[in-house]
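Trainee: let me see the structure of the following:
(chains A and B)
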Amino acid sequence: DGGITQSPKYLFRKEGQNVTLSCEQNLNHDAMYWYRQDPGQGLRLIYYSQIVNDFQKGDIAEGYSVSREKKESFPLTVTSAQKNPTAFYLCASSSREGPTGELFFGEGSRLTVL
Amino acid sequence: AQKITQTQPGMFVQEKEAVTLDCTYDTSDQSYGLFWYKQPSSGEMIFLIYQGSYDEQNATEGRYSLNFQKARKSANLVISASQLGDSAMYFCAMRRPISSGSARQLTFGSGTQLTVLP
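Mentor: Got it, this is the predicted structure:
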C-alpha cells in the first residue's frame, strides 16, 4: 500500500540532545513537508521540499534542520537550539498533478523532552 | 498573509443528526483552495473535501459538504447523518497560491473537536 511512514511514533529526549525524525513516502510525490502541532492548536509549517536536494523554511524553522537526499525521504532533525521541542510532528507529501493537490499525511511522531 | 479562523473549539452532535463546523478565512489572493481534514485520536490527518475559489458549486463528498460563501469568506463543513466514528478533531486549511514549483503549502486553523453522542 502506498503511503507515508513516520518513525518513531514516540520519542523521548533529554534537553540538549539532537533528535532525528524519519519520514519515508512511496507515493512518488515530489513535494514533502514537516508540520508541528501543539495541543489545542493547528498545524504550523516547519520546512518543505519541492525536489531532491532542495528545501525551504516554513513559518517556524528555527531550531530545526532537514535534508532531501532521496525523493522518498525527508528526515527532520530537532536540534538543541529548539527552545520548546515537545510537540506532535507530522510529515506530509503532495503531488503536483491533479486539481486539488491535497496533502497526504503520516501518522505522526510525538516528541517529549524530559 | 493568509489566516484561517475556527471559532468553535468543541461541538457536540447527536448521532444521525447533521452538524456544521465553521471556518472563515482571510486572504488577498484571488485564487486559492480550501480543505477540510479530520484528525482522529490516532493522530493522522485524513483529507475530507476540497473547494477551489473559482468553483461555482459547493463541493460534496458522501456525507460531507462544504458550504462555500466567497463574499463572506467562509467555508463551513456540513456533516450529515453523524456517526460515532465522526468524533474527531476537524481542521480547515487554505492552500497558498500555487507557485511554479510543486509545493502545496497549507495554512491550518486551530481546529474543532467534534463529539458525536449516542
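Trainee: mind listing the strands for the chain?
Mentor: Assuming you mean chain A. Along chain A, counting by DSSP state E, strands occupy A:4-7, A:10-13, A:19-25, A:31-37, A:43-51, A:54-57, A:64-66, A:76-78, A:87-94, A:104-105, A:109-113.
Trainee: I was thinking of chain B, sorry if that wasn't clear
Mentor: B:3-5, B:10-14, B:19-21, B:24-26, B:33-39, B:46-52, B:60-61, B:64-69, B:74-79, B:88-95, B:106-108, B:112-117.
Trainee: by mean pLDDT, which helix or strand of chain B comes out lowest?
Mentor: For chain B, counting by mean pLDDT, DSSP states H and E, strand B:106-108 ranks last in confidence among helices and strands (a mean of 91).
Trainee: now tabulate the strands of chain A in CSV and tack on distance to chain B and mean neighbour count.
Mentor: Any C-beta I mention is one placed from the backbone N, CA and C, and that applies to glycine too. Putting the strands of chain A into CSV (distance: least, CB to the nearest CB, whole Å; neighbours: other CB atoms under 10 Å in any protein chain shown) gives the following:
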stretch, distance to chain B, mean neighbour count
strand A:4-7, 9, 18
strand A:10-13, 11, 14
strand A:19-25, 13, 19
strand A:31-37, 5, 25
strand A:43-51, 4, 22
strand A:54-57, 8, 14
strand A:64-66, 13, 20
strand A:76-78, 16, 20
strand A:87-94, 5, 24
strand A:104-105, 4, 22
strand A:109-113, 8, 18
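Trainee: show me what contacts residue 26?
Mentor: Picking chain A for this. Going by CB atoms under 8 Å, 6 or more residues apart in numbering or on different chains, residue A:26 touches A:2, A:3, A:72.
Trainee: oops, I was thinking of chain B
Mentor: So residue B:26 contacts B:2, B:3, B:4, B:5, B:73 (CB under 8 Å, 6+ apart).
Trainee: tell me the spacing between the residue nearest to the spatial centre of chain A and residue A:21.
Mentor: With distances taken as CA atoms, centre = their mean, residue A:34 lies nearest the centre of chain A, 2.8 Å away. As judged by CB to CB, to the nearest Å, residue A:34 and residue A:21 stand 8 Å apart.
Trainee: how about residue B:92?
Mentor: Applying CB to CB to residue B:92 and residue A:21 gives a distance of 26 Å.
Trainee: next: residue B:60.
Mentor: From residue B:60 to residue A:21 the distance is 36 Å (CB to CB).
Trainee: residue B:50 too?
Mentor: 28 Å.
Trainee: residue B:76 too?
Mentor: Relative to residue A:21, and taking CB to CB, residue B:76 is found at 34 Å.
Trainee: got a pLDDT number for residue B:97?
Mentor: The model reports residue B:97 with a pLDDT of 69.
Trainee: and what of residue B:104?
Mentor: 74.
Trainee: go on, residue A:80?
Mentor: Confidence score, pLDDT, at residue A:80: 88.
Trainee: thought it was touching residue A:17?
Mentor: Yes - between residue A:80 and residue A:17 there is a contact under CB atoms under 8 Å: 6.5 Å.
Trainee: hey, what's the residue nearest to the centre of chain A bridged with?
Mentor: Assessed by DSSP bridges, residue A:34 has beta-bridge partners residue A:47, residue A:91.
Trainee: pretty sure it sits against residue A:23.
Mentor: Yes - counting by CB under 8 Å, residue A:23 is a contact partner of residue A:34 at 7.3 Å.
Trainee: overlap in contacts of these two?
Mentor: A:74, A:76, A:91.
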